[in-house]
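Peer 1: Coordinates only, no sequence provided:
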């Protein structure tokens, strides 16, 4: 607290105002620390989620930043961190896709898979890179309401109730969407054999 | 319910699912550091939206900052009321995520705590030559002129801002989420009147269709849904509209 006193004292505030300012500053520090932790712990999750929601490579950094900006502004409201971040991703990704449409750019499967190939880590073998590209292609083909349930349950290990809470839909709806998403996944995987 | 990878799977399906584990960001450490600096550390300076990692923008920003410092005497950085990044507001319709209506969520940044001080200058008192918040990719900004404009100017009392527009949409949605579809309809109508060229027309139309269904006005909802899907087949709200009116309109 001494450092905070140092910050406030030169402003010539009265004791009550100084105390209020100290409390506010301290709360800000807490929030900043929580935002920093959120970024460090969940950056990868947000990056993956944005990509799986169809954000192009060129827009990924902007979308990820957008998500954390939203999280920073709502930090006091967040109860389920991953759920919040995923919902923020859905909004940011939706906006990003609309921007792409406005720029009259077409995201077709070939292009998506090409982008993923270009991102492949040299240490990863070609087969894994191809499989990942195909998985992304399948996700792109799924309707979003199925895709998000599939991603959260099968790839991110959310529970059914967490997904229901995140998407604000009944658990039965989650189960039904997951079943349909799995059917789509298997059908598309067969086609790619 | 067991996850697919916990059971027996066709080999190709298993390979595809396992490949997801290799999906990692290429520059995680660097990006985390940048985000912490920009989002967590830079919030109080109003630089949240700035992607200052770009050398080109950094150079430009430096020039502008030097120029602006001569005008405002550096007091800008002490202001407790630095403008919130309104550009990002367009994506923040997270009203019901925590079961709360949007109207209860304060839009301020965490660090923008009110601490009135004689040593500060209100943003609204600053000269109009505000420092722009550059985007890394100018083509993205150019695709969203209204939002970009909102980002660089303090709110004006004269013209409704994007923040105002978003608030109106949030209120309509909050009414619907709060099981008051009649009020939601009223607010959608009010939104249209107030923002005839609004940015969220498709969202409000989808909301209107949902509200009509909730009120039992299904024929009207179907008619509007048909028109909506014909005009906006690729809208992110198309699926919501289809779900609201049932499968009759599936294409």
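Peer 2: Right, received. Where do you want to start? Given the structure is predicted, the values throughout are model-derived calculations rather than measurements.

Peer 1: Buried residues of stretch B:19-38, list them for me.
Peer 2: Buried residues in stretch B:19-38, counted by 16 or more other CB atoms under 10 Å in any protein chain shown: B:19, B:20, B:23, B:25, B:31, B:32, B:34, B:35, B:36, B:38. For every residue, glycine as well, the C-beta is placed using N, CA and C.

Peer 1: Same question for stretch A:65-85.
Peer 2: Judged by neighbour count using 16+ other CB under 10 Å, the buried positions of stretch A:65-85 are A:65-75, A:78, A:81-85.

Peer 1: Next, find the distance separating the spatially most central residue of chain A from chain B.
Peer 2: Centroid-nearest residue in chain A: residue A:46, 3.1 Å away (criterion: CA atoms, centre = their mean). Separation of residue A:46 from chain B (CB to the nearest CB, to the nearest Å): 9 Å.

Peer 1: Surely that residue and residue A:65 touch.
Peer 2: No. If you go by CB atoms under 8 Å, residue A:46 and residue A:65 don't touch, sitting 9.5 Å apart.

Peer 1: picking that back up, narrow the buried residues of stretch A:65-85 to those in helices?
Peer 2: Applying DSSP state H to the buried residues of stretch A:65-85, the entries found in helices are A:65-73, A:81-85.

Peer 1: can you narrow the residues you listed to ones near chain B?
Peer 2: On the criterion CB under 8 Å from any CB of the partner chain, A:65, A:66, A:68, A:69, A:70, A:71, A:72, A:73, A:83, A:84 are the entries of those that sit beside chain B.

Peer 1: now for these, which pair is the farthest apart?
Peer 2: Farthest pair in those (CB to CB) is A:65 and A:83. Separation: 19.7 Å.

Peer 1: Cross-check the contact I'm expecting between residue A:53 and residue A:88.
Peer 2: No. Using CB under 8 Å, residue A:53 makes no contact with residue A:88, being 10.9 Å away.

Peer 1: what about the two, which has more around it?
Peer 2: residue A:88 (27 against 23; other CB atoms under 10 Å in any protein chain shown).

Peer 1: That one: which element?
Peer 2: helix A:81-102 (DSSP states H and E).

Peer 1: now residue B:8, what's its secondary structure?
Peer 2: Under DSSP: H, G, I helix; E, B strand; the rest coil, residue B:8 falls in the coil class.

Peer 1: Low-confidence ranges, chain A, go.
Peer 2: Filtered on pLDDT under 70, chain A yields the residue ranges A:1-27, A:99-125, A:193.

Peer 1: What segments of it are helices?
Peer 2: Under DSSP H, chain A gives helices at A:2-8, A:15-52, A:57-73, A:81-102, A:109-119, A:126-141, A:144-150, A:160-167, A:171-191.

Peer 1: winner for burial among those helices?
Peer 2: Of the helices of chain A, the one with the most neighbours on average (mean count of other CB atoms under 10 Å in any protein chain shown) is helix A:57-73, at a mean of 24.

Peer 1: Tell me what angle that helix forms with helix A:81-102.
Peer 2: Here helix A:57-73 runs at an angle of 140 degrees relative to helix A:81-102 (axes from the mean of the first three to the mean of the last three CA atoms, to 10 degrees).

Peer 1: Smallest gap between the stretch 151-251 of chain B and chain A, at which residue?
Peer 2: Nearest residue of the stretch 151-251 of chain B to chain A: residue B:236, at 4.3 Å (CB to the nearest CB).

Peer 1: quick one, what contacts that residue?
Peer 2: By CB atoms under 8 Å, 6 or more residues apart in numbering or on different chains, the contact set of residue B:236 is A:94, A:97, A:98, A:144, B:202.

Peer 1: contact partners of the helix or strand residue B:223 falls within?
Peer 2: If you go by DSSP H and E, residue B:223 is part of helix B:218-231. Applying CB under 8 Å, 6+ apart, the contact partners of helix B:218-231 are B:202, B:205-206, B:208-209, B:212-213, B:235, B:237-238, B:241-242, B:244-245, B:248-249, B:251.

Peer 1: what mean pLDDT would you report for that helix?
Peer 2: In this model, helix B:218-231 has an average pLDDT of 89.

Peer 1: That one: which residues count as buried?
Peer 2: Neighbour count says helix B:218-231 has B:221, B:222, B:224, B:225, B:228, B:229 buried, by 16+ other CB under 10 Å.

Peer 1: do you know how far the residue nearest to the centre of chain A is from residue A:32?
Peer 2: Residue A:46 sits at a distance of 18 Å from residue A:32 (criterion: CB to CB, to the nearest Å).

Peer 1: Grab the nearest non-local neighbour of residue B:240.
Peer 2: Excluding its sequence neighbours, the residue lying closest to residue B:240 (CB to CB, 6 or more residues apart in numbering or on different chains) is residue B:206, at 5.2 Å.

Peer 1: residues in contact with the helix or strand where that neighbour lies?
Peer 2: Residue B:206 is part of helix B:201-214, with elements assigned from DSSP H and E. Contacts with helix B:201-214, where a contact means CB under 8 Å, 6+ apart, come from B:93, B:169, B:172-173, B:176, B:181-182, B:184-185, B:188, B:191-192, B:198, B:218, B:220-221, B:224-225, B:228, B:232, B:235-237, B:240-241, B:244-245.

Peer 1: swap in stretch A:178-188?
Peer 2: Under CB under 8 Å, 6+ apart, the answer for stretch A:178-188 is A:137-138, A:141-142, A:146-147, A:149-150, A:153-154, A:160, B:1, B:4, B:10, B:13.

Peer 1: Ok, stretch B:190-198 next?
Peer 2: Residues external to stretch B:190-198 that are found in contact with it (CB under 8 Å, 6+ apart): B:160, B:165, B:168, B:169, B:172, B:200, B:201, B:204.

Peer 1: Looks like residue A:152 contacts residue A:85 (just checking).
Peer 2: No. Look at residue A:152 against residue A:85 with CB under 8 Å: they stay out of range, at 11.5 Å.

Peer 1: what's the distance between residue A:173 and chain B?
Peer 2: 10 Å.

Peer 1: any idea what sits nearest that residue, other than its immediate chain neighbours?
Peer 2: Residue A:173's closest residue in space is residue A:164 (CB to CB, 6+ apart), at 7.5 Å.
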